[in-house]
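Trainee: starting from these lines, generate the structure:
(one chain, ligands or ions: 2)
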Amino acid sequence: MLKASRRGRWPTLLRSGCATPTRRVHTAWRPGLSTLAIETSCDDTSVALLELQADNTSSSDHQKLRANVVYHERITANNTAYNGIHPLIALHSHQTSLGGLVADALARNHGAKPTFVSATRGPGMRSNLTVGLSLAKGLALAWGVPLLGVHHMQAHALTPRLCSTLESLPDLYQGPWQPATLQPSFPYLSVLASGGHTMLIKSTGLIDHQILATTNDIAIGDCVDKAARAILPPDAMKPPYGKALEDFAFPNGAADYEYTPPATRGEELTRRRTKWDWSLGVPLAERGRRMAFSFSGLLTSIERLMRQKTKTEPPEQVSISIEERRDLAHETLRVSFEHLASRILLYLEDTVGRSAEKSALDTANHIDTVVVSGGVASNRYLRHLLRAMLDARGYSHIQVAFPPPSLCTDNALMIAWAGMEMYTSGYQSTFDITPIRKWSMDQRDEDGGILGAEGWLHDGSLLPAVQKAEAITQS
Ligand code: AMP
Ligand code: ZN
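Mentor: Ligands and ions are numbered 1, 2, ... in the order given. Next comes the predicted model:
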């Protein structure tokens, strides 16, 4: 929390139009609202310019709005020589790429300044976040516009609402546009399956995102990448390794799936022995209905199996055929994706009930959409498997949505969108905010979640701790 004596540091800014008492007028959804957004939390440097436009094709008396992507680019650090992300390579890439991307975005906007500037504040690598946040502060100060320090994970969770905005124009914008018309409407479930995260999140509001399950060890993308490096023959080994593993496991695409979903939880926990006389164990099978993910045990068994099969010297005596490698690739994906799906099913069984029991549901718990995002969500077999498992277990009424891959991986457009939703709900950041390496998105956690961080303004006032809770319930 900012000390009272420090509040005097902001009067010029507040008077210059950033946070006047009439801010409600400025923060409503309206055409012409725009944000320049910067993402530098990990190894992707990304810049976006997003604006809201009036839809002139509308014949209705009501104003229609459409979200328009003026600019969106991303440059990923070249980490191919390393087994993962090298912090210094990523930092260097941000430092060399960011200025050029911002210059391009401004040129596309004919030099016009945006309504406010958004940048990822955390969680992420502190030095990398500093590159983006510092430039964002500089631009906002020079332009005399507000700053919004965005929570990266909140931005992932809100991405499906951006997607519906971009996809289902113009019908979505009937009437004076309110965030309530955005789809999916709260509450919904999101699965974030990426190189750094594996999470099941329940989103019930803009700043209310409950983490239902997270990984106990490594992320699913990390597991898939490392399994791919162990399984793939040299000619199939190329990044992104998760995609290479999918292409190798299913050379003919869907025609190779041959997937039968487990009809019961008991069946789901049973190992499937292959004709090669090995099977992969189901993660956390012995932990009952515990809401968590785990992928390190699975990866260890895959690596051990491949070591056994390839330990003969010299390498030309490798005792694993392409066909067996292909079956291992297939099983790796099946077991990891069924594990992902199992926690969605556990949550739905415990809180939502099956289709037959739907009428008796508490509406606050009524979930009808599961959004899957993160780099792993671009896997087509995952899409097939998830749908098949939900159908087999009585959840055919639950929709499964996959944002386009370009919006699943880290990108500045999702930061722009989260910034836009926060700004139009009255939030801004003070100019003394600093990057946050670890920052929960769940207000139930010790750090208080998104609003638990220092430096939030709400409709022009510093948001004290007590009001944070009120703001959450009122929004
Ligand atoms: P992110 O961390 O969201 O940028 O996602 C990167 C992760 O997604 C890496 O682990 C990739 O290997 C993984 N990935 C990308 N495409 C696929 C795919 N088709 N199947 C499985 N994993 C994938
Ligand atoms: Zn991310």
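Trainee: show me the strands in the stretch 101-250 of the chain, by range?
Mentor: With DSSP state E, counting those that start in this stretch applied, the stretch 101-250 of the chain shows strands at 116-122, 147-151, 188-193, 198-205, 208-214, listed in chain order.
Trainee: now these in TSV, with distance to residue 275, mean neighbour count and mean pLDDT?
Mentor: Every residue, glycine included, has its C-beta placed from N, CA and C. Output for the strands of the stretch 101-250 of the chain, formatted as TSV (distance: least, C-beta to C-beta, whole Å; neighbours: other C-beta atoms under 10 Å; pLDDT from 0 to 100):
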stretch	distance to residue 275	mean neighbour count	mean pLDDT
strand 116-122	48	28	98
strand 147-151	48	27	98
strand 188-193	29	26	94
strand 198-205	30	22	94
strand 208-214	33	20	94
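Trainee: can I get those strands in a markdown table with distance to ligand 1?
Mentor: Putting these into a markdown table (distance: least, C-beta to the nearest ligand atom, whole Å) gives the following:
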| stretch | distance to ligand 1 |
| --- | --- |
| strand 116-122 | 14 |
| strand 147-151 | 16 |
| strand 188-193 | 8 |
| strand 198-205 | 10 |
| strand 208-214 | 15 |
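Trainee: can the ones you listed go into JSON lines with extra columns for distance to residue 323?
Mentor: Putting the strands of the stretch 101-250 of the chain into JSON lines (distance: least, C-beta to C-beta, whole Å) gives the following:
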{"stretch": "strand 116-122", "distance to residue 323": "45"}
{"stretch": "strand 147-151", "distance to residue 323": "46"}
{"stretch": "strand 188-193", "distance to residue 323": "28"}
{"stretch": "strand 198-205", "distance to residue 323": "30"}
{"stretch": "strand 208-214", "distance to residue 323": "35"}
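Trainee: can you list the residues of this structure near ligand 1?
Mentor: Within the chain, the positions adjacent to ligand 1 are 194-196, 221, 224-225, 240-243, 246, 374-376, 378-379, 409-410 by C-beta under 6 Å from any ligand atom.
Trainee: for the nearest residue to residue 221 once chain neighbours are set aside, grab the count of nearby residues.
Mentor: The spatially closest residue to residue 221, leaving aside those adjacent along the chain, is residue 195, at 3.6 Å (C-beta to C-beta, 6 or more residues apart in numbering). Applying other C-beta atoms under 10 Å, we find 25 other residues in the vicinity of residue 195.
Trainee: show the pLDDT at residue 195.
Mentor: The confidence metric pLDDT takes the value 87 at residue 195.
Trainee: that one and residue 225 touch, don't they?
Mentor: Yes. Under the criterion of C-beta atoms under 8 Å, residue 195 lies in contact with residue 225, with a separation of 6.8 Å.
Trainee: quick one: contacts for the residue in the stretch 151-300 of the chain that ligand 1 sits nearest to?
Mentor: With C-beta to the nearest ligand atom as the measure, the residue in the stretch 151-300 of the chain that lies nearest ligand 1 is residue 242; the distance is 2.2 Å. By C-beta atoms under 8 Å, 6 or more residues apart in numbering, residue 242 lies in contact with 221, 224, 225, 228, 375, 376, 379.
Trainee: make JSON lines from these and add neighbour count and pLDDT to it.
Mentor: As requested, these are arranged in JSON lines below (neighbours: other C-beta atoms under 10 Å; pLDDT from 0 to 100):
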{"residue": "221", "neighbour count": "24", "pLDDT": "95"}
{"residue": "224", "neighbour count": "30", "pLDDT": "97"}
{"residue": "225", "neighbour count": "23", "pLDDT": "94"}
{"residue": "228", "neighbour count": "26", "pLDDT": "97"}
{"residue": "375", "neighbour count": "24", "pLDDT": "87"}
{"residue": "376", "neighbour count": "31", "pLDDT": "93"}
{"residue": "379", "neighbour count": "25", "pLDDT": "93"}
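Trainee: tell me how many other residues crowd residue 427.
Mentor: For residue 427, the number of neighbouring residues by other C-beta under 10 Å comes to 24.
Trainee: settle this for me: it is touching residue 453, isn't it.
Mentor: No. Because the distance of 11.5 Å does not satisfy C-beta under 8 Å, residue 427 is recorded as not touching residue 453.
Trainee: quick one, what contacts the closest residue to ligand 1 within the stretch 251-400 of the chain?
Mentor: For the stretch 251-400 of the chain, the residue closest to ligand 1 is residue 375, as judged by C-beta to the nearest ligand atom, at 1.9 Å. In this structure, residue 375 makes contact with 193, 194, 195, 221, 240, 242, 405, 408, 409, judged by C-beta under 8 Å, 6+ apart.
Trainee: mind redoing it with 10 Å?
Mentor: For residue 375, the residues meeting the contact criterion (C-beta atoms under 10 Å, 6 or more residues apart in numbering) are 192-197, 219-221, 224-225, 240, 242-243, 405, 408-410.
Trainee: what does residue 149 give?
Mentor: Contacts for residue 149 were tallied using C-beta under 10 Å, 6+ apart; they are 117-122, 129, 133, 136-137, 419, 422, 427-431, 433-436, 453, 455-456.
Trainee: ok, now how distant is the nearest residue to it once chain neighbours are set aside from residue 366?
Mentor: When the adjacent residues along the chain are set aside, residue 149 lies closest to residue 121, with 3.3 Å between them (C-beta to C-beta, 6+ apart). Taking C-beta to C-beta, to the nearest Å as the measure, residue 121 and residue 366 are separated by 32 Å.
Trainee: one more: residue 388?
Mentor: When distances are taken as C-beta to C-beta, residue 388 and residue 366 turn out to be 23 Å apart.
Trainee: now swap in residue 128 and tell me
Mentor: Following C-beta to C-beta, the distance that separates residue 128 from residue 366 is 39 Å.
Trainee: more neighbours: which of the two?
Mentor: Neighbour tally, residue 128 and residue 366, criterion other C-beta under 10 Å: the higher count belongs to residue 128, 26 against 12.
Trainee: next, the buried residues of the longest helix along the chain.
Mentor: Longest helix in the chain by number of residues (criterion: DSSP state H): helix 322-347. For helix 322-347, burial by neighbour count (16 or more other C-beta atoms under 10 Å) applies to 324-347.
Trainee: tell me where the stretch 301-450 of the chain has helices.
Mentor: 322-347, 380-392, 405-408, 412-424 (DSSP state H, counting those that start in this stretch).
Trainee: avg pLDDT for the last one?
Mentor: The reference is to helix 412-424. Over the span of helix 412-424, the pLDDT mean works out to 94.
Trainee: report the distance from it to the chain centre.
Mentor: Relative to its chain's centre, helix 412-424 lies at 13 Å (C-alpha atoms, centre = their mean, to the nearest Å).
Trainee: can you pull the contacts of residue 386?
Mentor: Counting by C-beta under 10 Å, 6+ apart, residue 386 makes contact with 191, 261, 337-338, 340-341, 344-345, 370, 372, 377, 398, 400, 402.
Trainee: could you redo the last one with a cut-off of 6 Å?
Mentor: If a contact means C-beta atoms under 6 Å, 6 or more residues apart in numbering, then residue 386 has 341, 400 as its contacts.
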